[in-house]
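**Student:** pasting the structure only:
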């Protein structure tokens, strides 16, 4: 079969967990041919991965930069003007209304893009004027709203123009369109379905719209622009779920978000990430001095600052402790790394903290520590955790995404953005050699049983086969929809179509399976 694999800001142009997953999928299915489509910034990005032989093509879809000189952006056709008016009207309505109309507008814009420059039309002063006029009318009706300015209208239309550029692309012809994200990354899959009837599979590792909410907390846009654009992205995500024949979240936690946005539970099948056990053999030795290891992309969503703020309390109890951080920031986001280094100096811990950059073999990052910490504010089903578990390292991690599903009772899960709880968990594990090693051994057994790449590849092979044969979802005997279950209490199986950790659970691990460990604010 021929698969169109579609992503945003990931494989094969960038490194990261989703890119690792894409490479695993392609290499694990040599009998399939993959056309890789990637939403990129400028179109000038270079391929960073060595591509396997079954990648038949790579296409970068540039989302930013100028599409045409400004002089070409003066007018748009009456057909496009009508659709821009409809789009703005839909965007001004409540987020759960007019979703079918939103789909019709995007499909009409795709058809228009076949004969005229959609980007030039959306970037025109006329389009901006339509939005500004609509905003003014709404302002007269609704009181208490932050009044949008003309600059807000210009900014908002620019964001919409860039976001809708995939509608102007050539639809890919394949047996299955597999979007490895929702949101803007689903647009190339949608136009393939509209043009050729291609079935869509949507995989979400993290929840796209949730991550957009987090990223936009500190964006430079004023509130009217944020509100409109996030509403637009929410509608795109709902459309991706609605048009997908199968939705394959990377963890059970995601399902509640997906259902809230209208995903049909009958189309959902959880498929966990997996690792190759041969690449992560058991680690027996430990460093000479107490060491905490962190690995990942240096990015605000990873919240390294909380770990740095937790470290002084750990150091107070264990003066020799070291913190080693492995990873690099994405291009253009080096400022966050500088901010973290400055924070370490401010906290007076820079002599015990090392920023070591990206390592060629990620296993070296896990070998470097007695424990491995994940401190993110958002995750899907993180490779850092399951790789460390496969190596036999106990983990301390924040209760986000599918982290609790991965760790179960083999480590400690703490609330995000809580330096005191994070410090207490690290101290507990570093001080107790017997508990730490016992949990590490349990973690390896859990990873080998449930989180291997072979298991994940087998699931996607089955899904591809069903979709290519005209079916929506391969239903197994264990598929269910248990909203109240807590997957951290037991082994993860397809039956765990559940939600989040109970609110009263602070952390998990250290003692008997299922025991809840209440960590104190100070050790």
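**Tutor:** That came in fine, so what should we check first? All values reported here derive from a predicted model rather than from experimental measurement.
**Student:** Please compute how far the worst-scoring helix or strand of the chain on mean pLDDT lies from its chain's middle.
**Tutor:** Sorted by mean pLDDT, DSSP states H and E, the helices and strands of the chain end with helix 125-141, the least confident at a mean of 83. Chain-centre distance of helix 125-141: 33 Å, with C-alpha atoms, centre = their mean, to the nearest Å.
**Student:** With stretch 17-29 instead?
**Tutor:** Between the centre of stretch 17-29 and the centre of its chain there are 15 Å (C-alpha atoms, centre = their mean).
**Student:** before we move on, what about stretch 318-336?
**Tutor:** Between the mean C-alpha position of stretch 318-336 and that of its chain there is a distance of 20 Å (C-alpha atoms, centre = their mean).
**Student:** that older thread, can you name the next helix or strand after the least confident helix or strand of the chain?
**Tutor:** The element immediately downstream of helix 125-141 (helix or strand, assigned by DSSP states H and E) is helix 150-163.
**Student:** ok, residues contacting that next one?
**Tutor:** For helix 150-163, contacts defined as C-beta atoms under 8 Å, 6 or more residues apart in numbering pick out 63-64, 87, 119, 122-123, 127-129, 131-132, 135, 184, 221-222, 224-225, 228-229, 232-233, 236. Any C-beta I mention is one placed from the backbone N, CA and C, and that applies to glycine too.
**Student:** and those residues, which are buried?
**Tutor:** Among those, those classed as buried by neighbour count (16 or more other C-beta atoms under 10 Å) are 63, 87, 119, 122-123, 127-128, 131-132, 135, 184, 221-222, 224-225, 228-229, 232-233, 236.
**Student:** Tell me which entries of those residues lie within helices.
**Tutor:** With DSSP state H as the criterion, helices contain 87, 119, 122, 127-128, 131-132, 135, 224-225, 228-229, 232-233, 236 from among those.
**Student:** The stretch 351-500 of the chain: strands as residue ranges?
**Tutor:** In the stretch 351-500 of the chain, the segments counted as strands under DSSP state E, counting those that start in this stretch are 353-355, 371-374, 394-398, 412-414.
**Student:** any chance of those in TSV, plus distance to residue 45 and mean pLDDT?
**Tutor:** As requested, the strands of the stretch 351-500 of the chain are arranged in TSV below (distance: least, C-beta to C-beta, whole Å; pLDDT from 0 to 100):
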stretch	distance to residue 45	mean pLDDT
strand 353-355	25	98
strand 371-374	28	98
strand 394-398	31	98
strand 412-414	36	98
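**Student:** Residue 241 is nearest to which of those?
**Tutor:** Evaluated over those, closeness to residue 241 peaks at strand 394-398, with 26.2 Å, by C-beta to C-beta.
**Student:** Find the helix or strand that residue 25 is a member of.
**Tutor:** Taking DSSP H and E as the criterion, residue 25 maps to helix 17-28.
**Student:** Give me the contact list for that helix.
**Tutor:** Residues lying outside helix 17-28 but in contact with it, judged by C-beta under 8 Å, 6+ apart, are 5, 7, 10-12, 32, 34, 36, 49, 52, 54-55, 180-181, 205, 273-274, 276, 297, 380, 382-384, 453-454, 456-457, 460.
**Student:** returning to what we had before: tell me the angle of the least confident helix or strand of the chain relative to helix 150-163?
**Tutor:** Taking axes from the mean of the first three to the mean of the last three C-alpha atoms, to 10 degrees, one finds helix 125-141 and helix 150-163 inclined to each other by 120 degrees.
**Student:** What is helix 125-141 packed up against?
**Tutor:** When contacts are defined as 3 or more C-beta pairs under 8 Å, 6 or more residues apart in numbering; DSSP states H and E, helix 125-141 packs onto helix 78-91, helix 150-163.
**Student:** how far does the next helix or strand after the last one sit from the chain's center?
**Tutor:** Same thing as helix 150-163. Scanning forward in sequence from helix 150-163 by DSSP H and E, the next helix or strand is strand 176-179. Its chain's average C-alpha position is 17 Å from that of strand 176-179, according to C-alpha atoms, centre = their mean.
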